[in-house]
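Participant: Requesting a structural model of the entry that follows:
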Amino acid sequence: MAPRFPEPEWFVALGRLMAARGELFRRIGYADTRFVARVLPDEEGGDAQRNIASADVAIANIGISMTGYALSRAEALAPAAAASFDPDFTICARESVWRRMLDEIARHGRPELRHTLNSLVLMGEEMWLESADQLREDKFYRFNQTLQEFFNLAAQLPAD
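Facilitator: Just a heads-up that it's a prediction; the model follows:
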């Protein structure tokens, strides 16, 4: 059975594809970052996003490290361990937002412009960043194209 988002093995599968597509990532540039992908439960009411952003209520907190042109680590983090992982930033979104982006990637190889990581975070309504350090949070923007291309590799994973 193929790994499914947000299992760490799903990210590891993307890492293998990243290694196979090394030229694409070398062209974009290296990424040296450690971040958490936080998947939050879907709930009614749009203004509640920050109230549920805690690692304690997340469906998943996946710690991801990228070094150079490769994924170097992907692991599930217990709520208490999310902070000790010491991420540069945490990408937070409800499960339905992550799934919408990944469904578009599966269909078209990439999400629509308004559903990319960068667009969603810039709007800040459906996806947002958390970080204790503004300079480290800036790594999201510095390595954004690498991060998006990494997620775009999901189009090459077997369908569920």
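
Participant: Show me what secondary structure element comes after the helix or strand of the chain with the lowest mean pLDDT.
Facilitator: Least confident helix or strand of the chain, by mean pLDDT, DSSP states H and E, is helix 81-84 with a mean of 79. For helix 81-84, the succeeding helix or strand toward the C-terminus, using DSSP states H and E, is strand 89-94.

Participant: Tell me which residues are up against that next one.
Facilitator: Contact with strand 89-94 is made by 33, 35-43, 49, 53, 61, 82, 117, 120-121, 126-131, 136-137, 139-140, as judged by C-beta atoms under 8 Å, 6 or more residues apart in numbering. Any C-beta I mention is one placed from the backbone N, CA and C, and that applies to glycine too.

Participant: how about 7 Å then?
Facilitator: Outside strand 89-94, the residues within contact range by C-beta atoms under 7 Å, 6 or more residues apart in numbering are 35-38, 40-42, 53, 117, 126-131, 136-137, 139-140.

Participant: Which of these fall within helices?
Facilitator: Counted as lying in helices by DSSP state H, out of the contacts of strand 89-94, are Leu117, Arg136, Glu137, Lys139, Phe140.

Participant: Pretty sure the last one sits against Glu130.
Facilitator: No - counting by C-beta atoms under 7 Å, no contact exists between Phe140 and Glu130, whose distance comes to 10.6 Å.

Participant: Compare neighbour counts for the two and give me the winner.
Facilitator: A count of neighbours by other C-beta atoms under 10 Å puts Phe140 above the other of Phe140 and Glu130, at 20 against 17.

Participant: what's the neighbour count on the closest residue to that one other than its chain neighbours?
Facilitator: Closest residue to Phe140 apart from its sequence neighbours, by C-beta to C-beta, 6 or more residues apart in numbering: Phe89 at 4.9 Å. By other C-beta under 10 Å, the residues close to Phe89 number 22.

Participant: Equivalent analysis for the one 3 residues further on, please.
Facilitator: Other residues lying near Cys92 total 25 when counted by other C-beta under 10 Å.

Participant: do the same with Pro41
Facilitator: Residues lying near Pro41 (other C-beta under 10 Å) number 11.
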